[in-house]
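# need coordinates for the following:
(one chain, ligands or ions: 1)
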Amino acid sequence: MSRASALLSLQQIDDRIATLTSDIASVEASLRGDPELDRLRAAEAAAHEAHRTLGAGAKLAELEAASLQARIRDLDRRLYGGTVRNPADLMEMQRELEAMRAKLSTAEDDALERMEQVDLSLANLQGASASVAARESQRSNSMDPLRARLASLTAERDVLNAERDAVRADADPADLSLYARIAAHRRPAVTGLAGEFCAGCHMPVSNEERRAVRTGTGLTQCANCDRILAP
Ligand SMILES: [Zn+2]
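Numbers count the residues shown, from 1 in each chain. Here you go, the predicted structure:
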């Protein structure tokens, strides 16, 4: 293998290792936690709180209506019970009764509307709980495949690390540091020829340089982009 070809295969191994490392990180993150499940659980907690608050409000509205009903019954009894005889007093009580009945009607409408909101919030809560349950079950089903995938990715990376070590052990340390220096600012650091051009930057490569790349005894770099040219 020529020195440039060795660096090219080192680059392919490095790229594959980088991809595997990122895949491994994402599988590990999925195994650790599930942001979507966290979001659904938070939504369920919020739906629960909304249902509780609306329920408390509806209860109060019902108590308010019940208390008005009791006062109306009481007033009604006194008005028609015969104990109050004074016409002015009776008229005053009559007016009070009418005002209270109007208030009761409003309070009953309010209580009814609140009960409807409680029903809606209950349906919403049940929907949110079902979403959490579905996600939990989906997640528990996906844990084993995720663990298996993590094991296979890690095994593949171990193999590639060994290959990488072997390629590096055979390579000239000066070539390795040149590769590292170029790879730090140019990706890929090693590229082929596209006809008479550098495949990395598409600028022409001289006849002499192309010959040097093909014979492959030393390393040839693109005069324009600095990349190492591989046959
Ligand atoms: Zn170039």
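
# all contacts plus neighbour counts: C-alpha atoms, from now on.
OK.

# any stretches of this structure with poor pLDDT?
Applying pLDDT under 70 to the chain picks out no residues at all.

# and the biggest helix by length in the chain, what does it pack onto?
Determined from DSSP state H, the single longest helix within the chain is helix 87-170. Helix 87-170 sits against helix 3-32, helix 35-80, with contacts defined as 3 or more CA pairs under 8 Å, 6 or more residues apart in numbering; DSSP states H and E.

# what's the helix or strand following it in contact with?
Downstream of helix 87-170, the first helix or strand assigned by DSSP states H and E is helix 173-183. Applying CA atoms under 8 Å, 6 or more residues apart in numbering, the contact partners of helix 173-183 are 3, 7, 168, 189-190, 226-228.

# let's see it at 10 Å
Outside helix 173-183, the residues within contact range by CA atoms under 10 Å, 6 or more residues apart in numbering are 3-4, 6-8, 10-11, 168-169, 172, 184, 186, 188-190, 218-219, 225-228.

# name the nearest residue to residue 5, ignoring sequence neighbours.
In space, and not counting its chain neighbours, residue 5 is closest to residue 230: 5.8 Å by CA to CA, 6 or more residues apart in numbering.

# any idea how far that neighbour lies from residue 217?
Residue 230 sits 11 Å away from residue 217, going by CA to CA, to the nearest Å.

# with neighbour numbers in mind, choose between the two.
The residue with more neighbours, out of residue 230 and residue 217, is residue 230; 25 against 12, by other CA atoms under 10 Å.
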